[in-house]
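# Sharing a sequence plus its predicted fold:
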Amino acid sequence: MHLFDFQIPAMELIVRGTLVFWFLFLLFRFVLHRNPGSLGVADILLVVLIADASQNGMAGEYKSVGGCFVLVGTLAAWSYIIDWMEYRFRWFARFSEPGVVTLIRHGRVFKANLRREMLTESTLDSQLREQGVDDLALVKYAALEPNGKISVVRYSK
């Protein structure tokens, strides 16, 4: 019975998991940097990779659940390490998560920031309307938050 035998060396699985995790993390961070909802990049990435790694282990692709355990453990460890580093080191938190991007200040739209984030003015207007703002002059500050949502601070009435 080969249920717990390794067909691929454990160190190779660790290296493969590490390489794939970091490649996808950097891709999500710098190319697909708007996160849906309140999940972080690493959270989404971990779910996708663990689902795939687990599927391979359960379906017999590795011919051993041991390989699956090592790969999933590697992915979970990297996720934990990133969370710990974000908490412990400010420089790493700035690297791993996108910052707040100012879109409007005192009713003035920062078109260069819209362009950089690939947001159209009509999309911004739509987001403002969803928050009950129909006039830019009412907006003290609006920003694209790291979670992909637009927050709006209005002038007091």
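Alright, I've got the coordinates. Numbers count the residues shown, from 1 in each chain.

# Please report how far Met118 lies from Phe110.
When C-beta to C-beta, to the nearest Å is applied, the distance between Met118 and Phe110 equals 14 Å. C-beta coordinates here come from the backbone N, C-alpha and C atoms, glycine included.

# again with Gly73
For Gly73, the distance to Phe110 - C-beta to C-beta - is 44 Å.

# can I see the domain layout of this structure?
The record, using automatic domain parsing to delimit domains, assigns the chain the ranges 10-96, 101-154.

# what's the closest of the ones you listed to His2?
Evaluated over these, closeness to His2 peaks at domain 10-96, with 5.9 Å, by C-beta to C-beta.

# List the buried residues for the longest helix belonging to the chain?
Secondary structure of the chain per DSSP state H: the longest helix is helix 65-88. Residues of helix 65-88 classed as buried under the neighbour-count rule (16 or more other C-beta atoms under 10 Å) are 65-75, 78-79, 82, 86.

# Identify, from those residues, the entry nearest to Ile44.
Nearest to Ile44 among the buried residues of helix 65-88, counting by C-beta to C-beta, is Ser79 at 10.5 Å.

# List the contacts of the closest residue to the closest one other than its chain neighbours.
Here the nearest residue to Ser79 in space, its sequence neighbours aside, is Leu46; by C-beta to C-beta, 6 or more residues apart in numbering that works out to 4.5 Å. Taking C-beta atoms under 8 Å, 6 or more residues apart in numbering, we find Leu46 in contact with Leu75, Ala76, Ser79.

# tell me which element Leu46 falls in.
Following DSSP states H and E, the helix or strand that holds Leu46 is helix 41-59.

# thinking again about what came up before, format the domains of the chain as TSV; extra columns: distance to Leu3.
Putting those into TSV (distance: least, C-beta to C-beta, whole Å) gives the following:
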stretch	distance to Leu3
domain 10-96	6
domain 101-154	42
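
# Kind regards, and thank you for your time.
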